[in-house]
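Visitor: make a model of this:
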Amino acid sequence: MHMLLNSTYLGSKRACLHMLFVLSFGVTFFYTYFKLQEVRRNGNDFIYVKQKDKRYILQWELKRHSPFESMAVGNLAFVKNKCAYTNCYVTNDTSFLDESEFDAIVFNGREVQDLRYNQLPKRRSPKQKYIFGAMESADIYPVCDKIFDGFFNWTWTYKIDSDFRWGYITIYDLDGNVVGPAVSIEWPRELEPVGEDIINKVSNKSKAAAWFVSNCFTKSGREKFVEKVQKELETYGWKVDIYGNCGPLDCPRSISHTCYNLIEKDYYFYFAFENSFSEDYVTEKLMIPLNYYSVPVVYGFANYSRFLPPGSYLDAKKLGPKKLAHLMNEIISNKSLYHDFFRWKNHFKYKLTSFNEDICKLCEMINNEENMAEVTVWNDFRRWWNGARRARIIMFVAIVFGISLYYTYNYDRKQRDKLILKWELNPCSPFEFLEVGNLAFLKNKCEYKNCFVTKYRAFFDESKFDAIIFNGKEVYNFQYNQLPKRRSPKQKYIFAAMESADNYPVCNELFDGYFNWTWTYKIDSDFRWGYITIYDLDGNVVGPAVSIEWPRELEPVGEDIINRVSNKSKAAAWFVSNCFTKSGREKFVEKVQKELETYGWKVDIYGNCGPLDCPKSISHICFDLIQNDYYFYFSLENSFSEDYVSEKLLTALNYYTVPIVYGSANYSRFLPPGSYVDGRDLGPKKLAQRMSEIISNKSSYHDFFRWRNHYKYKETSSTEDICKLCEMMNNEEKMAEVTVWNDFRRWWNGARYKENC
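Guide: Alright, predicted model coming up:
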């Protein structure tokens, strides 16, 4: 054995790995080695050939991540857990066997999203199983690359319909039989009433709810949700006590049992809130209220009827903050109703899923000859894994990207190439416009096409990229350990956002002085990624701008425009799909509607929030209706942010109606005076009065279209936005200039900074 190691691995990196491997195996490894049927020599390398009665499992990983460390090396995990089968041998050494000779290769779900084609196994046997293993949420670790459709044979995850489950919670009946979680559980139609022992345990509580939490910036936005619940509960004289990093109270892990006893003794409810939204993703958080006689308030994307009997929990996500607080208060006030939430204890027991069950199942599956012989593949893997919240799929165009890589790899030789890394957790707009390689710049016929885009962080040392772009939709959730570790003073960190700062605020102080450039809808960004562009009649871009010199007097409208707008008969239209907005525009319209009724007018509401419908397939017909019938169009933003004026405004401008605007923008940066009505500035009562006056005065109405003698409005072309990025990257003066947004949070959040942060 000593001679084998010296002749083969001495002086190489593998020597260290194999020495550790030998020490870890101990007696187990020697037994395995001497039982090997054959050792083939190929040049200076040895390839072990497996025994017939052994099962070999390769962990395919870039780094050590949970839960792979629990699998250990050799068969230690199966021996320790006293599994029925202990003949499975685990290694992460890809040279231990030819990769096609392993019985199974397990891929860690935390890494799959970052794996590139050239980082996958090169040889595959139809007899072996490729297994996708994951305990972490698909929302945080999505799989978007289409190469993984039809790639995995088995799934080993928290999802209930996995081939075998790697979960957090197991449900038993009182006889000790496993009954769930399951896709379909037949809960008893009527649960037995609770006994005196339970009533005595839960009768002396005095506080509404507790929440133990360490991660304060989550994908699910649970922290924002709790803030809203907190405000609603205050109206009833209750509050949520928050323990840990995100609240004023503390409970060190060393005394966690004491804190849990407090839950049992004092708290009616416990907030079991998930950090992200994924189907079946229900973690050990749920065990705290179940084990400590408190009612769980759940918040996640699971169908909780797969995990809990009806009447045993409150679903916060379904109820929303207002209804949840109201219901919590009602339940606290009704002792009998509160007791009923514990009826499940007469029928079931909940336990943390034993690691023994999970790890033993792996070896059991690989020893099942029928399962191993059956050829199964997850053809629609991405859709299954990512579920209803799946990210937009980024198409991997292998040939074109391959050409791009050829030029990009040799960075030192090709200084003219500009390398851009998209720093993202989950592909979302507007990043889909930035396609792989330089495709986006080729497609848009940009002047500069030498910018190459990738999302793969392992492509280079992160400090070698010319620019790293951060998506504004995700920045507000980023924690320090999710940011780049190495940074060069020569590279640019770019904050990119099309979505409102009101919906996606940035509150963490570490982002002050973090970004070099901003690429957003805000007019004073380093370069703008907007919705609307204003042209003069010669085709020159004139706005939007912080300061536009509008003509002092606009030319009167001609007969052609007067004829177009003279046959209208209805007050206003509003096309809307989102009925619950940060700006409260839906409430505003309700009030305007009441005021308009006094003048005999109304707002016709199309879409999800009103009685009228206009499918996208016939939207052109609906837009013609606006032009023919309606005096006004409600261009109301979903949130309040400086300069946030979206494409909604173009509906009114392009279809000969007067826009009623509602937002936090300074609209004089976007529209000439006398071309619009500011609903937020006027308020419901004055707005309705003003609308009625304008409708009654044809000449006054016609004047609202004078701007057409001077300007044209168009939706901003993605070509302009995309090309500007590569143009900036090629501007040596800009790249050499060191600029930083020191007061970034105040700039981005604007007037709503205090309210949102």
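Visitor: show me the chain divided up by domain.
Guide: Here the domain assignment for the chain is 2-167+375-388, 186-346, 398-530+737-756, 555-715, based on automatic domain parsing.
Visitor: which one of these lies closest to Val542?
Guide: Nearest to Val542 among the domains of the chain is domain 555-715; the distance by CB to CB comes to 7.3 Å. (C-beta placed from N, C-alpha, C; glycine too.)
Visitor: circling back to that earlier point, any chance of JSON lines for the domains of the chain, columns distance to Phe355, mean pLDDT and mean neighbour count?
Guide: Conversion of those to JSON lines gives the following (distance: least, CB to CB, whole Å; pLDDT from 0 to 100; neighbours: other CB atoms under 10 Å):
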{"stretch": "domain 2-167+375-388", "distance to Phe355": "6", "mean pLDDT": "75", "mean neighbour count": "17"}
{"stretch": "domain 186-346", "distance to Phe355": "12", "mean pLDDT": "94", "mean neighbour count": "18"}
{"stretch": "domain 398-530+737-756", "distance to Phe355": "25", "mean pLDDT": "83", "mean neighbour count": "18"}
{"stretch": "domain 555-715", "distance to Phe355": "42", "mean pLDDT": "94", "mean neighbour count": "18"}
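Visitor: mind giving me the packing neighbours of the helix or strand containing Pro659?
Guide: Using DSSP states H and E, Pro659 maps to strand 658-662. Applying 3 or more CB pairs under 8 Å, 6 or more residues apart in numbering; DSSP states H and E, we find strand 658-662 packed against strand 630-636, helix 648-654, strand 677-678, helix 679-696.
Visitor: which among the domains of the chain is found nearest to Val178?
Guide: Of all the domains of the chain, domain 2-167+375-388 comes closest under CB to CB, at 10.6 Å.
Visitor: residue contacts, Phe148?
Guide: If you count contacts by CB atoms under 8 Å, 6 or more residues apart in numbering, Phe148 has them with 112, 381-382.
Visitor: recalculate using a threshold of 6 Å.
Guide: Phe381 (CB atoms under 6 Å, 6 or more residues apart in numbering).
Visitor: can you pull out the strands in the stretch 451-600 of the chain?
Guide: Assigned by DSSP state E, counting those that start in this stretch, the strands in the stretch 451-600 of the chain fall at 451-454, 467-471, 492-497, 517-520, 527-528, 532-536, 541-543, 570-576.
Visitor: mind putting those strands in JSON lines, distance to Ser619 included?
Guide: Putting the strands of the stretch 451-600 of the chain into JSON lines (distance: least, CB to CB, whole Å) gives the following:
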{"stretch": "strand 451-454", "distance to Ser619": "32"}
{"stretch": "strand 467-471", "distance to Ser619": "28"}
{"stretch": "strand 492-497", "distance to Ser619": "26"}
{"stretch": "strand 517-520", "distance to Ser619": "27"}
{"stretch": "strand 527-528", "distance to Ser619": "27"}
{"stretch": "strand 532-536", "distance to Ser619": "18"}
{"stretch": "strand 541-543", "distance to Ser619": "27"}
{"stretch": "strand 570-576", "distance to Ser619": "8"}
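Visitor: so which of the ones you listed comes closest to Tyr236?
Guide: Within those, the stretch nearest Tyr236 is strand 570-576; the backing value is 32.1 Å (CB to CB).
Visitor: check the offset of that closest one from the chain's centre.
Guide: 33 Å (CA atoms, centre = their mean, to the nearest Å).
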